[in-house]
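Engineer: Here you go, sequence then predicted model.
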Amino acid sequence: MGERPAFLHKMRPENRYRVPASGGLGRHEDHPGKGVEKTTLTRIVGISGSPRQGNTRILLEQALNGANSVQGVETRLLELRNLNIKPCMGCFGCSNDRPLPERPCPAHGDDMELVYSELALTHGLILATPVYYGGVSGLLKNFMDRTEPLSRYGRTRYRSALKNVVGGAVAVGANRNGGQETAIQAIHHYFLIQDMIVVGTSTEGLPGCYLGAGATTYPDKGRVVDAVKGDTLAMDAARALGRRVAEVAVMIRAARAGAS
């Protein structure tokens, strides 16, 4: 099967968020390019859209920590900065009336090929981004655009793969009112267009970040890679968000099992 891709890190209860000595992400337990294994656990995937490893990942890890507190859940973390994902060309090759494409995206054969199969077996998805001009990062927007084969319009084996998947949003800005809510709303718009189920932080502990986990690194801003830890309100909100995503995903799977 060759070299296993290293961009996905499967978080185990005894080894959550531990970064390997090499400084990169841990290796996936299987080979996504050959198909991701099904699991009896509820799978929550967190995706970081930051070009750096720092505050955005820290907040995302906190959200996945919250998800892991729910029984029967496994979590995975993916960093887009480690992937080669080309921009969507708007060719509609994945959704037109031509013969079904061999690849989900017929225009590009890049690292999204490895991501599609992972997303297809995801029960919950948490997207995290640094705030760029009041919106999401280019990395995250590029990823969103390339998931067209997974939408209701896709004519691929992954059509509607994200339908009824539970979604939560995380945003980190340099200032308190630096565009976190608009970035979170952009992620929510993406979730809704993909027919996903959007959740916030709920009222547990009254985190004060209702739409999602909105954090600031002020006054250190991005110069300090762990400045977000000083925003305890956002750290608590991230954990509550992750737990909420996991709880709803578990309930949906239980309801489906009861109806079958």
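Structural biologist: Yep, that arrived.

Engineer: Just give the number of residues close to residue 141.
Structural biologist: For residue 141, the count of nearby residues is 18 (other CB atoms under 10 Å). In this view, the C-beta of every residue, glycine as well, is placed from N, C-alpha and C.

Engineer: OK, contacts around it?
Structural biologist: Taking CB atoms under 8 Å, 6 or more residues apart in numbering, we find residue 141 in contact with 49, 135.

Engineer: Which pLDDT value belongs to it?
Structural biologist: For residue 141, the model assigns a pLDDT of 97.

Engineer: What segments of the stretch 51-200 of the chain are strands?
Structural biologist: For the stretch 51-200 of the chain, applying DSSP state E, counting those that start in this stretch gives strands covering 73-79, 124-130, 166-173, 197-198.

Engineer: what lines up beside the first one in the sheet?
Structural biologist: It refers to strand 73-79. strand 8-11 (antiparallel), strand 42-48 (parallel) (DSSP bridges).

Engineer: Mind jotting down where the helices sit in the chain?
Structural biologist: 55-68, 112-120, 138-145, 180-193, 232-259 (DSSP state H).

Engineer: Identify, out of the ones you listed, the most deeply packed stretch.
Structural biologist: helix 55-68 (a mean of 26; mean count of other CB atoms under 10 Å).

Engineer: now it and strand 124-130, what's the angle there?
Structural biologist: Helix 55-68 and strand 124-130 are oriented at 160 degrees to each other (axes from the mean of the first three to the mean of the last three CA atoms, to 10 degrees).

Engineer: tilt between helix 55-68 and helix 138-145?
Structural biologist: 50 degrees.

Engineer: Which strands and helices lie in contact with helix 55-68?
Structural biologist: strand 42-48, strand 73-79, strand 124-130, strand 166-173, strand 213-216, helix 232-259 (3 or more CB pairs under 8 Å, 6 or more residues apart in numbering; DSSP states H and E).

Engineer: sorry, back to before: and the helices of the chain as JSON lines, adding distance to residue 202?
Structural biologist: JSON lines is the format used below for those (distance: least, CB to CB, whole Å):
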{"stretch": "helix 55-68", "distance to residue 202": "11"}
{"stretch": "helix 112-120", "distance to residue 202": "24"}
{"stretch": "helix 138-145", "distance to residue 202": "24"}
{"stretch": "helix 180-193", "distance to residue 202": "15"}
{"stretch": "helix 232-259", "distance to residue 202": "5"}
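
Engineer: Quick check: which of these is nearest to residue 89?
Structural biologist: Proximity to residue 89 (CB to CB) singles out helix 138-145 among the helices of the chain, at 9.6 Å.

Engineer: Next, report how far that closest one is displaced from the centre of its chain.
Structural biologist: Helix 138-145 sits 11 Å away from the centroid of its parent chain (CA atoms, centre = their mean, to the nearest Å).

Engineer: What about the closest residue to residue 138 other than its chain neighbours, how many residues nearby?
Structural biologist: Of all residues beyond its chain neighbours, the one nearest residue 138 is residue 132 (7.0 Å), with distances taken as CB to CB, 6 or more residues apart in numbering. For residue 132, the neighbour count with other CB under 10 Å is 18.

Engineer: And the one 3 residues further on, by the same measure?
Structural biologist: One way to gauge burial is a neighbour count; for residue 135, by other CB under 10 Å, it gives 17.

Engineer: picking that back up, is it possible to export the strands of the stretch 51-200 of the chain to TSV including mean neighbour count?
Structural biologist: Converted to TSV, the strands of the stretch 51-200 of the chain look like this (neighbours: other CB atoms under 10 Å):
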stretch	mean neighbour count
strand 73-79	24
strand 124-130	30
strand 166-173	30
strand 197-198	18
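
Engineer: Dump these to CSV, plus mean pLDDT and distance to residue 155.
Structural biologist: Output for the strands of the stretch 51-200 of the chain, formatted as CSV (pLDDT from 0 to 100; distance: least, CB to CB, whole Å):
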stretch, mean pLDDT, distance to residue 155
strand 73-79, 96, 25
strand 124-130, 98, 22
strand 166-173, 97, 23
strand 197-198, 97, 24
